[in-house]
Structures are given as C-alpha cells and as structure tokens.
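Enquirer: following is a predicted model, sequence given first.
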Amino acid sequence: MGQFVQFAINGLMAGAIYALIAVGIVSVYKATKVVNFAHGYLIMFGAYFYFTFAVIVPGQPWAPGWLASWQPGWMVEMRGDLPMFSPVAAVLDWVANLPRILLGLAGALVCNAILGRVIERVLMRPLMGQSIFAMIMVTVGLISILSGAAQLIWTADAASVPYIAPNMPIRFELFGTMIFLFGTDLVNMVVALLLFGGIVAFVKFTKGGIAIRATAEDQSTAYSMGISVPKVFSRAWVLASTTGAIAGAILATRNGISPSLGLFGFSVLAIVLMGGLDSYVGVLIAAMVVGVLEAMTQWQMGGGWAEIVPYVTVLVVLIWRPHGLMGQKEVERI
Amino acid sequence: MINANLKSSYAADERVLNNRYKQAFVYGSILALVLFTLFGNDYLILIASQMGILLIAVVGINILTGYTGLVSLGHGAFVAIGAYAVTIFGNLGAGVIPAGLMPFVSVPLAVALAAAVGVLVGLPSLRVKGLYLAVATLAANFIVIFLIEEDLFAPWTGGMVGINTNVPNLLGWELDTKREMFGLIAVVGLVSLLAAQNLIRTRVGRAFIAIRDRDYSAEILGISLLRYKLMSFALSAAYCGLAGALFAYFYARILPEQFELALSLNLVAALIIGGMGRTMGPVFGVIIVVMVPELIKVLFGALAGDSAGAGQLRAPLQQIAFGVLLVLFLLKESLGINQIVDRILRAANRWPFARG
C-alpha cells in the first residue's frame, strides 16, 4: 500500500508537468485550430535556453562571479556550522544558485516568446484559412527544423542544469512504508498546477482570454466584432511557447538536456487528444491519469513499458470516445 | 502533352497507357532502367536502390493519403513489419522450405501480415478523422517499434541491436550484389507504380476518391466507408510491407530505430513534396527526399573535408533542409513538384504562344 502511494504521488507529479505542456497545445488549438505537433520541440528549445542562461552564460569569463555562485558573508557563516545533508544546506545551495536560476528562467521565457512569435508570423499566418492537413504538416516540418537547429546551436551532448527549487529529500512514513520525495519535484508540481490554473483563469476571465474564446468559436464573427484575430493568434503562440519554456526548464532538471526532450511532445499530444482538444479540464484529468498509469506500469512491469502507456491509452480512449473525454464533438455539414 | 484523346474502341478506352506520350514515357523509362542496371556506377546504384525502396512505400501512402484522404503518420511501422516479418519467416522456415522458393513464401506472408496490422490500425479511422487519425497512427508507430525492441520478443526480432537479414534467392539465383538487388527493386517498383495507377481507374479507386472528396457524401452514394477505408489502409500497409521486405533484403542488417517516426514523416514529406494524389508524385518526391541529403553530404565533403566536426554539422543541416523543403512546398506549392512539371509541360506544349 505504501509503495502504491509512493508511485501514485510520483505519477501525479509527472502528470502535473504533462498538464503544463498540454496547456500550450490546447491554447494554440483553441485560438487557431492548429494542433502543434512541434510543441515538444518548442519545449526542448525552452530547456536549451534555460541551459544557456543558467549554465553557459554564468560560466563565461566576463560574467560577474556572483552570477555563477552567490556567496554572501552570512551564507558562508551559516554554512560553516551545519551537519552533512541537512535540509538547510539544500536551501542554502539553492540560494547560492538563485541568481543564475532566475537569469535562466527569464532568458528562457523571453527567447521562447520571441521564437513562438516568429513561428506564428513566418509559418502559421500565411496558412490562415488553409486546410488543417497543411497546417499539421507545417508543424511536422517544424519538428525537423527545430531539432536540427538545436543540434546545430548547442551540439548534441546532454548536460545538467541547476534545480529551480531547493532539492531536499522529504521522508515520512505511511502505512508502514517510507515515502521518499524530493523537494524540487514537489515545487515543480505546484508551479505547474499554478500556471495551469492561471492560464485557465486568464482564458476564462480576462479580456484577452475572452478574445481567444471568441476566435475559437467563430473566426469571422470574432473579426467583425472588432477582435483582431491575428493578434489573438500570436498571443496564443506566445502563451504556448512561454509555458513551454517553464515546462522545458522543469523537464531539463528532471531528465537532463538532450534533443530527445522533443519526444515528450508526442506523448503529451496523445494526452491532449485523450482529454479532448479544447477542454482544459479534460486535459488535466487525462494528464493526471496518464501520469499515474505510467508510474504504476513502471512499478509493475518495468520502465520500458511505461513509454508506451500514453499511446495505448489514447488508442483505447479514441475508440471508446472519438473526441476525447471532454472534447466537443464537431458538427459537420455536407 | 496531350490536348485530346481520340478513342475509337472500348479496348482503347480501357488501356492504362492511353496515349502515345505515356507509352513512350513508360517504355523509355524501362529502357533507361535496364541500361542503368547494367552500366550504372556502384554509388548511383546504391542511391537508386534507396529511392526504389522508398518509392514503393510512398506509393502506398499515396493510396491512403493522396487518394483516400486519410492522414497517417505511422506508416514506418508497416515498413518495419514487412522487414522484420520477411527476416523472421526466412529464419523460421530455413530448413523447411527450399531456399530458392523462400522469397515466394516469405514476402507474400510479410505483405499479408503488414496488411492485417494495417486493418487493425485503420480501425480508429472509422470513428475519427484528420488530426485524430494522425495521432492514432503515430501512437501505433510508437507501439510497434516498442514491441520490436521489447526483450520479450528479442529471440526473434533481435531487440535493440537489430537482426541480420537473409540474402534473397529467387529459384536458385542468389541476389548477393547491390546491382542484382537494384534490378529486383526496379522491377517491383515499376510494377507497383503501374498497379497503383491502374487501381485508381477501377471501382475501388473511384470509391477511394469519393471518400477523399467528402466521406459522408460517398456513404450516401452507397460506398461502404467501413469496407473501403479499411481496404485503403490494408493496401497502403501492404505496399509499405513490400518496401520493408525489399529493405530487409537490400541491407545486411536491420535495426528498429531505422523505422521510427523519422521514417514515417519522411514518407509523408516525400508525398507532399512530390504531389498528393498523382501517379508521378511519389517518384518526384522520393527523388528530392533522397537526393537533397545526399547533395548536402557531397557539398559538405567538398567544402569541409571528412573531419569529425564537419560530420557533426552535416546531420542537423540535412534535417533542417528537409524541414525547410516540406514547409516551403506547403506554403508555396501545395500540389507539389508534379504541379510544377505539369506547368512546364503545358508551357512547352503551347510554345511559342502564351503560357497558361
């Protein structure tokens, strides 16, 4: 039982990150009716930007010393009389890294926002009103461009990055088994869920969000009501790429940085379809379910089988409910 | 270029090559292929064989995506099934069936297996369309490759490290050089291209096109969506299985990673670049998709030499070029090279009068 809880918690933490990635795909779909197959590669770029600003830039000779490792006097003093592996030491490590973590996150957000905007401007806007097939295939072409570009810019080797939260181990007993968690995973989950909630609230309550929903409902009516549809498009892409940047930074700390990060996009795409393309709630449920199922598979059948859990579940769900758990059925006129 | 067809008998109306230009083109290409097989240099034979194998698979995708209008991003899986099935059947039947007859048994079995899995993967196509189908087939691709890599089946599939393939033996004739293999690939490729062209003129082909244009209207006209959608999936999977079987015969060893998503995307990209729903589309597309990375390799070799650094740059550049090509064709010429060729032929035909 205790082990079950351990794996369920692991699953929920993974699910929260899936949800954060999925929110980018859903937002773009809601506003522009384009399903972004290359979203995973946007996330990979976010991860690489985080790596650039949190590891490469502070490591340069011209960068000030406090950027790489911030060691004010009071911290050295505190550190002096601490036992090994104390939680306080983990927090202190994090504080020392804080300048470069913040720089990394800020850099990733800004660069990814620019990237998302450029993609929308150059590739997506000329296709407004074209067939869905063409738009999907453009994002498929984007996969090659982005993954090639990443390998060209950063070369293909994996590297490690600083955690975005203090990484102290948390241990407690439940049903007679030790439950073992990392602080940073917990914070990642909270950040992911807060962002998810924030975006849902944004789309629900703000003026910009209502514009997105109106465009989703009917593009030409939205246009005639004075909503600038191209602006909505670029806003949705920027939203997707900035959430992608955060998700990328989190994934980079969990899995290390490598071009294979892009593959996350495909399993998340499966999750999005499972939840229903235009339903935030459905996607959140699907992400959590897949996260937990993956963790359970990992527990019972080994890590390899966990890889295909999203794909098997999406096939089952699509045959059972063709438009996902909570997706809207499209009405087609002949 | 043809402006009108005069047909004076039903026999003339039924011919596949219904005018002199088509006849001249097909017979001319056959002659060129024969000469090329006999005298082409080894490097070109290798490239042409890659094109031929890919061509058969793209012709299959063309039936599904170009003519029936169903998107698949998972056909690499069927190529994998064909390649692995022909090898595994070959190994299992090694003592039982005489070596000279083996390809005549194992290739049809492999093609049939690919078609059967195609029907299975096509089942969601009855309920979901467009994007949902693209993701369903993508999921199927991941699952098939995963099963091939899985330890459970490793005694047969070789798992992650791949498996050595057999040399095909047609009635005692061992095709152990690349040149002989190219001969086989050229014959099979040409036959499959003509067969696909013929299919489109039949009742089945017309049903496919009706489904592509509007599936509900087709159903109202009495076309069984269940039957024809699954048939389209089975046919295209069979073509891909055949390509896979040739792939296994051509290379000494096959690895699961050769059939991953990249191959599926390559197939669809070749179709889009060449021109969807056109007979010659796959041919043009395959030439571009194989030649462009090869040209980049040659150019890079000339500019930077064979240093390790240059090699590291080359692969990403090839990837970027591929993506840029796909995007450019979608944005600027969504009907593919076939459309460009048509335009040139039309202009040539009307010369010296206005183009149009």
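Expert: Okay, I see it.
Enquirer: near chain B, which residues of the stretch 1-150 of chain A?
Expert: Along the stretch 1-150 of chain A, the residues adjacent to chain B under the rule C-beta under 8 Å from any C-beta of the partner chain are A:35, A:123, A:126-127, A:130, A:132-134, A:136-138, A:140-150. From N, CA and C alone the C-beta is placed, and that goes for glycine too.
Enquirer: just the buried subset of those, please.
Expert: If you count burial by 16 or more other C-beta atoms under 10 Å in any protein chain shown, the buried members of those come out as A:35, A:123, A:127, A:132-133, A:136-138, A:140-150.
Enquirer: can you give me the strands for the stretch 101-250 of chain A?
Expert: Counting by DSSP state E, counting those that start in this stretch, the segments of the stretch 101-250 of chain A that form strands are A:169-174, A:177-182.
Enquirer: number of residues surrounding residue 185?
Expert: Assuming you mean chain A. 22 (other C-beta atoms under 10 Å in any protein chain shown).
Enquirer: let's do chain B instead
Expert: The burial count for residue B:185: 27, using other C-beta under 10 Å.
Enquirer: what secondary structure does it sit in?
Expert: helix (DSSP: H, G, I helix; E, B strand; the rest coil).
Enquirer: show me the contacts for it.
Expert: Under the criterion of C-beta atoms under 8 Å, 6 or more residues apart in numbering or on different chains, the contact list for residue B:185 reads B:49, B:52, B:53, B:246, B:250.
Enquirer: now name the helix or strand holding the third one.
Expert: Assigned by DSSP states H and E, residue B:53 falls within helix B:42-61.
Enquirer: what's the following helix or strand past that helix packed up against?
Expert: Proceeding N to C from helix B:42-61, the next assigned helix or strand is helix B:76-92, under DSSP H and E. For helix B:76-92, the packing partners by 3 or more C-beta pairs under 8 Å, 6 or more residues apart in numbering or on different chains; DSSP states H and E come out as helix B:42-61, helix B:102-122, helix B:130-149, helix B:154-157, strand B:163-164, helix B:225-250, strand B:253-254, helix B:261-274.
Enquirer: how about the ones you listed, which one is nearest chain A?
Expert: Taking C-beta to the nearest C-beta as the criterion, helix B:130-149 is the member of the helices and strands packed on helix B:76-92 that comes nearest to chain A, at 3.6 Å.
Enquirer: which strands and helices sit next to that closest one?
Expert: If you count contacts as 3+ C-beta pairs under 8 Å, 6+ apart, helix B:130-149 packs onto helix A:132-154, helix A:264-275, helix A:309-320, helix B:76-92, helix B:102-122, helix B:261-274.
Enquirer: and of the ones you listed, who's closest to residue A:196?
Expert: Across these, the minimum distance to residue A:196, taken as C-beta to C-beta, is reached by helix A:264-275, at 12.2 Å.
Enquirer: the closest one: how far from the chain's middle?
Expert: For helix A:264-275, the distance between its averaged C-alpha position and the chain's averaged C-alpha position is 12 Å (C-alpha atoms, centre = their mean, to the nearest Å).
Enquirer: stretch A:219-235 now?
Expert: Relative to its chain's centre, stretch A:219-235 lies at 26 Å (C-alpha atoms, centre = their mean).
Enquirer: try stretch A:17-34
Expert: On the basis of C-alpha atoms, centre = their mean, stretch A:17-34 sits 10 Å off its chain's mean C-alpha point.
Enquirer: go on, stretch A:189-202?
Expert: Averaging C-alpha coordinates over stretch A:189-202 and over its chain gives two centres that are 11 Å apart (C-alpha atoms, centre = their mean).
Enquirer: for that stretch, output the C-alpha coordinates as PDB.
Expert: Listed next in PDB are the C-alpha coordinates belonging to stretch A:189-202 (Å, rounded to 0.1, in the frame of the first residue of the first chain):
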ATOM      1  CA  MET A 189       4.300  20.200  -9.400                       C
ATOM      2  CA  VAL A 190       3.000  23.200  -7.500                       C
ATOM      3  CA  VAL A 191       4.400  25.600 -10.100                       C
ATOM      4  CA  ALA A 192       2.900  23.500 -13.000                       C
ATOM      5  CA  LEU A 193      -0.500  23.400 -11.400                       C
ATOM      6  CA  LEU A 194      -0.500  27.100 -10.500                       C
ATOM      7  CA  LEU A 195       0.500  28.000 -14.100                       C
ATOM      8  CA  PHE A 196      -2.200  25.700 -15.400                       C
ATOM      9  CA  GLY A 197      -4.800  27.300 -13.200                       C
ATOM     10  CA  GLY A 198      -3.500  30.800 -14.000                       C
ATOM     11  CA  ILE A 199      -3.900  30.200 -17.700                       C
ATOM     12  CA  VAL A 200      -7.300  28.700 -17.400                       C
ATOM     13  CA  ALA A 201      -8.300  31.700 -15.300                       C
ATOM     14  CA  PHE A 202      -6.800  34.000 -17.900                       C
END
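Enquirer: ok, and the closest non-adjacent residue to the residue nearest the centre of chain B?
Expert: Closest residue to the average C-alpha location of chain B: residue B:57 at 1.9 Å, with C-alpha atoms, centre = their mean. Leaving out its chain neighbours, the residue that sits closest to residue B:57 by C-beta to C-beta, 6 or more residues apart in numbering or on different chains is residue B:243, at 3.8 Å.
Enquirer: show me the contacts for the one you found.
Expert: When contacts are counted by C-beta under 8 Å, 6+ apart, residue B:243 touches B:53, B:54, B:55, B:56, B:57, B:60, B:79, B:82.
Enquirer: taking these, tell me the two that lie furthest apart.
Expert: Distances among the contacts of residue B:243 were taken as C-beta to C-beta; the most separated pair is B:55 and B:82, at 14.5 Å.
Enquirer: neighbour count winner among the two?
Expert: Comparing residue B:55 with residue B:82 by other C-beta under 10 Å, the one with more neighbours is residue B:82, at 32 against 29.
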